[in-house]
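Q: sequence and predicted structure are below.
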Amino acid sequence: MAVQISPSILAADFARLADEAAAVPNADWLHVDVMDYHFVPNLTLGLPVVEALRKATSTPLDCHLMIADPDRWAPAYAEAGAGSVTIHAEAAKAPVRTLREIRSLGARAGLALSPATAVEPYEDLLGEIDMLLLMTVEPGFGGQKFLDIMLPKIRRSRALIERHGGRVWLQVDGGVDAETIGRCAEAGADVFVAGSAVYGAADPAAAIDALRATAIRQSG
Ligand SMILES: O=C(CO)[C@H](O)[C@H](O)COP(=O)(O)O
Ligand SMILES: [Fe+2]
(Lines give C-alpha, C1' and ligand atoms only; values in the text may rest on other atoms or scores of the structure.)
(Ligands and ions follow the chains in the order given, each with its own letter.)
Protein backbone atom coordinates (compact mmCIF):
# COMPACT_ATOMS: atom_id res chain seq x y z
CA MET A 1 0.00 0.00 0.00
CA ALA A 2 1.48 3.33 -1.06
CA VAL A 3 0.45 6.29 1.08
CA GLN A 4 -0.91 9.26 -0.89
CA ILE A 5 -1.99 12.68 0.35
CA SER A 6 -4.73 14.66 -1.40
CA PRO A 7 -5.09 18.15 0.10
CA SER A 8 -8.61 19.55 -0.26
CA ILE A 9 -8.79 22.99 -1.84
CA LEU A 10 -12.10 23.46 0.01
CA ALA A 11 -9.94 24.88 2.80
CA ALA A 12 -7.83 27.00 0.43
CA ASP A 13 -8.32 30.63 -0.61
CA PHE A 14 -10.70 30.41 -3.59
CA ALA A 15 -9.50 33.79 -4.87
CA ARG A 16 -5.94 32.42 -5.21
CA LEU A 17 -6.43 28.82 -6.35
CA ALA A 18 -3.39 28.69 -8.65
CA ASP A 19 -1.12 29.91 -5.83
CA GLU A 20 -2.74 27.51 -3.37
CA ALA A 21 -2.09 24.59 -5.77
CA ALA A 22 1.54 25.73 -6.11
CA ALA A 23 1.88 25.81 -2.32
CA VAL A 24 1.60 22.00 -2.16
CA PRO A 25 4.14 20.67 -4.72
CA ASN A 26 4.53 17.50 -2.62
CA ALA A 27 0.81 16.60 -2.89
CA ASP A 28 -0.03 13.44 -4.83
CA TRP A 29 -3.40 14.88 -5.84
CA LEU A 30 -5.46 18.03 -5.38
CA HIS A 31 -8.84 17.11 -3.92
CA VAL A 32 -11.63 19.17 -5.48
CA ASP A 33 -14.97 19.13 -3.62
CA VAL A 34 -17.85 19.79 -6.00
CA MET A 35 -21.10 20.57 -4.14
CA ASP A 36 -24.42 21.57 -5.69
CA TYR A 37 -26.76 22.65 -2.85
CA HIS A 38 -28.91 19.55 -3.56
CA PHE A 39 -26.96 16.45 -2.58
CA VAL A 40 -25.40 18.47 0.24
CA PRO A 41 -26.49 21.77 1.83
CA ASN A 42 -23.52 23.70 0.45
CA LEU A 43 -22.34 25.10 -2.88
CA THR A 44 -18.70 25.22 -3.93
CA LEU A 45 -17.47 25.06 -7.50
CA GLY A 46 -18.03 23.23 -10.75
CA LEU A 47 -16.69 22.44 -14.21
CA PRO A 48 -15.36 25.89 -15.21
CA VAL A 49 -13.16 26.02 -12.10
CA VAL A 50 -11.93 22.45 -12.66
CA GLU A 51 -11.06 23.35 -16.27
CA ALA A 52 -9.16 26.45 -15.09
CA LEU A 53 -7.35 24.52 -12.33
CA ARG A 54 -6.33 21.85 -14.81
CA LYS A 55 -4.44 24.50 -16.77
CA ALA A 56 -2.99 26.13 -13.63
CA THR A 57 -1.33 23.05 -12.09
CA SER A 58 0.31 19.80 -13.13
CA THR A 59 -0.85 18.07 -9.93
CA PRO A 60 -3.60 15.61 -10.89
CA LEU A 61 -7.13 16.57 -9.82
CA ASP A 62 -9.11 14.24 -7.55
CA CYS A 63 -12.71 15.39 -8.07
CA HIS A 64 -15.19 14.41 -5.35
CA LEU A 65 -18.66 14.99 -6.73
CA MET A 66 -21.21 15.72 -4.00
CA ILE A 67 -23.95 16.39 -6.49
CA ALA A 68 -27.48 15.10 -6.98
CA ASP A 69 -27.04 13.87 -10.56
CA PRO A 70 -23.56 12.38 -10.98
CA ASP A 71 -24.75 10.19 -13.88
CA ARG A 72 -25.38 13.36 -15.85
CA TRP A 73 -22.24 15.30 -14.88
CA ALA A 74 -19.38 12.95 -13.94
CA PRO A 75 -18.19 12.24 -17.52
CA ALA A 76 -17.72 15.99 -18.10
CA TYR A 77 -15.24 16.13 -15.21
CA ALA A 78 -13.24 13.32 -16.80
CA GLU A 79 -13.35 15.19 -20.11
CA ALA A 80 -12.19 18.34 -18.31
CA GLY A 81 -8.98 16.48 -17.44
CA ALA A 82 -9.60 15.26 -13.88
CA GLY A 83 -7.30 12.35 -13.06
CA SER A 84 -9.89 10.82 -10.77
CA VAL A 85 -13.67 11.29 -10.60
CA THR A 86 -15.58 10.01 -7.57
CA ILE A 87 -19.37 9.70 -7.46
CA HIS A 88 -21.55 9.07 -4.41
CA ALA A 89 -23.35 5.72 -4.22
CA GLU A 90 -26.31 7.49 -2.56
CA ALA A 91 -26.77 9.80 -5.56
CA ALA A 92 -25.99 7.68 -8.61
CA LYS A 93 -28.94 5.96 -10.27
CA ALA A 94 -26.76 4.00 -12.71
CA PRO A 95 -23.39 3.78 -10.96
CA VAL A 96 -21.98 0.94 -13.07
CA ARG A 97 -22.69 2.78 -16.31
CA THR A 98 -21.29 6.04 -14.95
CA LEU A 99 -18.14 4.43 -13.48
CA ARG A 100 -17.49 2.70 -16.82
CA GLU A 101 -17.96 5.97 -18.65
CA ILE A 102 -15.46 7.74 -16.35
CA ARG A 103 -12.90 5.02 -17.03
CA SER A 104 -13.55 5.01 -20.76
CA LEU A 105 -12.68 8.72 -20.77
CA GLY A 106 -9.28 7.96 -19.24
CA ALA A 107 -9.87 8.94 -15.59
CA ARG A 108 -9.75 6.78 -12.49
CA ALA A 109 -13.24 5.96 -11.23
CA GLY A 110 -14.14 6.37 -7.55
CA LEU A 111 -17.17 5.41 -5.50
CA ALA A 112 -17.91 7.39 -2.31
CA LEU A 113 -19.93 6.23 0.69
CA SER A 114 -21.42 8.63 3.26
CA PRO A 115 -21.07 7.60 6.91
CA ALA A 116 -24.42 5.75 7.13
CA THR A 117 -23.93 3.79 3.90
CA ALA A 118 -22.59 0.27 4.44
CA VAL A 119 -19.78 -0.96 2.20
CA GLU A 120 -20.91 -4.59 1.93
CA PRO A 121 -23.68 -4.02 -0.70
CA TYR A 122 -21.03 -2.59 -3.03
CA GLU A 123 -18.65 -5.56 -2.98
CA ASP A 124 -19.69 -6.60 -6.48
CA LEU A 125 -18.75 -3.14 -7.79
CA LEU A 126 -15.11 -3.32 -6.65
CA GLY A 127 -14.07 -4.50 -10.10
CA GLU A 128 -15.61 -1.36 -11.58
CA ILE A 129 -13.68 1.13 -9.45
CA ASP A 130 -10.13 2.35 -8.88
CA MET A 131 -10.84 3.98 -5.51
CA LEU A 132 -13.33 3.62 -2.69
CA LEU A 133 -13.87 6.87 -0.74
CA LEU A 134 -15.13 6.52 2.81
CA MET A 135 -16.52 9.74 4.29
CA THR A 136 -15.35 10.21 7.85
CA VAL A 137 -17.65 13.21 8.35
CA GLU A 138 -21.11 13.92 6.90
CA PRO A 139 -20.41 15.37 3.45
CA GLY A 140 -20.98 19.08 2.90
CA PHE A 141 -18.46 21.07 4.90
CA GLY A 142 -14.77 21.17 5.70
CA GLY A 143 -13.42 21.54 9.20
CA GLN A 144 -15.68 18.95 10.86
CA LYS A 145 -14.61 16.52 13.56
CA PHE A 146 -13.47 13.06 12.44
CA LEU A 147 -16.06 10.35 13.14
CA ASP A 148 -14.30 7.58 15.07
CA ILE A 149 -17.29 5.30 14.44
CA MET A 150 -16.04 4.97 10.84
CA LEU A 151 -12.88 3.07 11.83
CA PRO A 152 -14.54 -0.37 11.71
CA LYS A 153 -15.86 0.42 8.19
CA ILE A 154 -12.32 1.32 7.09
CA ARG A 155 -11.12 -2.07 8.40
CA ARG A 156 -13.96 -3.97 6.72
CA SER A 157 -13.38 -2.13 3.44
CA ARG A 158 -9.66 -2.97 3.52
CA ALA A 159 -10.53 -6.64 4.07
CA LEU A 160 -12.99 -6.63 1.14
CA ILE A 161 -10.45 -4.92 -1.10
CA GLU A 162 -7.74 -7.43 -0.18
CA ARG A 163 -10.14 -10.30 -0.88
CA HIS A 164 -10.53 -8.82 -4.38
CA GLY A 165 -6.80 -8.53 -5.08
CA GLY A 166 -5.85 -5.31 -3.28
CA ARG A 167 -5.92 -3.14 -6.41
CA VAL A 168 -8.52 -0.57 -5.29
CA TRP A 169 -7.27 2.49 -3.37
CA LEU A 170 -9.03 3.25 -0.07
CA GLN A 171 -9.49 6.98 0.53
CA VAL A 172 -10.68 8.62 3.74
CA ASP A 173 -12.13 12.13 3.68
CA GLY A 174 -13.18 14.40 6.53
CA GLY A 175 -11.46 15.47 9.72
CA VAL A 176 -8.18 13.82 8.75
CA ASP A 177 -5.36 15.54 10.63
CA ALA A 178 -2.10 14.83 12.47
CA GLU A 179 -4.03 13.14 15.25
CA THR A 180 -6.53 11.02 13.25
CA ILE A 181 -4.46 10.03 10.20
CA GLY A 182 -2.52 7.36 12.10
CA ARG A 183 -5.68 5.53 13.11
CA CYS A 184 -6.99 5.67 9.51
CA ALA A 185 -3.71 4.28 8.18
CA GLU A 186 -3.62 1.56 10.79
CA ALA A 187 -7.20 0.59 9.83
CA GLY A 188 -6.16 0.23 6.18
CA ALA A 189 -6.69 3.55 4.37
CA ASP A 190 -4.00 4.52 1.85
CA VAL A 191 -5.22 7.81 0.32
CA PHE A 192 -5.80 10.66 2.75
CA VAL A 193 -7.78 13.82 2.04
CA ALA A 194 -6.93 16.72 4.33
CA GLY A 195 -8.36 20.21 3.98
CA SER A 196 -8.02 22.24 7.17
CA ALA A 197 -5.02 20.23 8.36
CA VAL A 198 -3.09 21.31 5.26
CA TYR A 199 -4.42 24.72 4.24
CA GLY A 200 -5.00 25.80 7.83
CA ALA A 201 -1.31 25.21 8.58
CA ALA A 202 1.30 27.97 8.40
CA ASP A 203 3.32 25.80 5.99
CA PRO A 204 0.97 23.58 3.91
CA ALA A 205 3.80 21.60 2.29
CA ALA A 206 5.38 20.84 5.67
CA ALA A 207 1.95 19.73 6.95
CA ILE A 208 1.71 17.26 4.05
CA ASP A 209 5.18 15.86 4.83
CA ALA A 210 4.19 15.39 8.49
CA LEU A 211 0.86 13.72 7.61
CA ARG A 212 2.60 11.41 5.14
CA ALA A 213 5.27 10.42 7.67
CA THR A 214 2.64 9.55 10.29
CA ALA A 215 0.54 7.56 7.81
CA ILE A 216 3.57 5.58 6.61
CA ARG A 217 4.58 4.85 10.19
CA GLN A 218 1.12 3.54 11.08
CA SER A 219 0.39 1.59 7.85
CA GLY A 220 0.16 -2.13 8.22
O1 LIG B 1 -15.62 16.21 1.13
C2 LIG B 1 -15.41 17.02 2.01
C3 LIG B 1 -16.52 17.57 2.83
O4 LIG B 1 -17.72 17.07 2.36
C5 LIG B 1 -13.99 17.54 2.23
O6 LIG B 1 -13.13 16.91 1.31
C7 LIG B 1 -13.47 17.33 3.62
O8 LIG B 1 -14.33 17.75 4.59
C9 LIG B 1 -12.08 17.92 3.78
O10 LIG B 1 -12.02 18.92 4.72
P11 LIG B 1 -11.40 18.72 6.20
O12 LIG B 1 -10.11 17.99 6.06
O13 LIG B 1 -11.25 20.13 6.67
O14 LIG B 1 -12.40 17.91 6.98
FE1 LIG C 1 -14.11 15.61 -0.30
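A: Yep, it's here. Bear in mind the structure is a predicted one, so any value in this text is a computation, not a measurement. Residues are numbered from 1 along each chain as shown. Ligands and ions are numbered 1, 2, ... in the order given.

Q: what about the lengthiest helix in the chain, average pLDDT?
A: In the chain, taking DSSP state H as the definition, the longest helix is helix 204-218. Throughout helix 204-218, pLDDT has a mean value of 98.

Q: now do the contacts for the residue in the chain positioned nearest to ligand 1.
A: Per C-beta to the nearest ligand atom, Gly195 is where the chain lies closest to ligand 1, at 2.8 Å. For every residue, glycine as well, the C-beta is placed using N, CA and C. Counting by C-beta atoms under 8 Å, 6 or more residues apart in numbering, Gly195 touches 7-11, 31, 33, 142-143.

Q: go on, Ala52?
A: So Ala52 contacts Leu17 (C-beta under 8 Å, 6+ apart).

Q: give me the element it is part of.
A: Assessed by DSSP states H and E, Ala52 sits inside helix 47-56.

Q: chain center to whichever helix or strand comes after that helix: distance?
A: Using DSSP H and E, the helix or strand that follows helix 47-56 in sequence is strand 61-66. Centroid separation for strand 61-66 versus its chain: 6 Å, with C-alpha atoms, centre = their mean, to the nearest Å.

Q: what packs against strand 61-66?
A: strand 30-35, helix 47-56, helix 70-79, strand 84-88, strand 108-113 (3 or more C-beta pairs under 8 Å, 6 or more residues apart in numbering; DSSP states H and E).

Q: and Thr180, which of these is closest to it?
A: strand 30-35 (16.1 Å; C-beta to C-beta).

Q: packing partners of that closest one?
A: Looks like strand 30-35 contacts strand 4-7, helix 47-56, strand 61-66 (3+ C-beta pairs under 8 Å, 6+ apart).

Q: sheet partners, orientation included, of the last one?
A: Each strand paired with strand 61-66, and its direction, by DSSP bridges: strand 30-35 (parallel), strand 84-88 (parallel).

Q: now the first one
A: Here strand 4-7 has these sheet partners by DSSP bridges: strand 191-194 (parallel).

Q: and after the strand it pairs with, which helix or strand comes next?
A: Assigned by DSSP H and E, the successor of strand 191-194 is helix 196-199.

Q: buried among the contacts of Gly195? Make that a ChimeraX selection.
A: In ChimeraX, this line selects whichever of these come out buried by 16 or more other C-beta atoms under 10 Å:
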select :7,8,9,10,11,31,33,142
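
Q: out of the contacts of Gly195, which touch ligand 2?
A: Asp33 (C-beta under 5 Å from the ion).

Q: filter the contacts of Gly195 by proximity to ligand 1?
A: Contacts with ligand 1 within these, counted by C-beta under 6 Å from any ligand atom: 8, 10-11, 31, 33, 142-143.

Q: please look at Ala89 and Val119 and confirm they touch.
A: No. Look at Ala89 against Val119 with C-beta atoms under 8 Å: they stay out of range, at 9.3 Å.

Q: what residues are shared contacts of those two?
A: With C-beta under 8 Å, 6+ apart, Ala89 and Val119 have common neighbours Leu113.

Q: that older thread, out of the helices and strands packed on strand 61-66, deepest packed?
A: Greatest average neighbour count among the helices and strands packed on strand 61-66 goes to strand 84-88 (a mean of 29), per mean count of other C-beta atoms under 10 Å.

Q: the helix or strand just after it - what's its average pLDDT?
A: Next along the chain after strand 84-88, taking DSSP H and E as the criterion, comes helix 95-104. Across helix 95-104, pLDDT averages out at 98.
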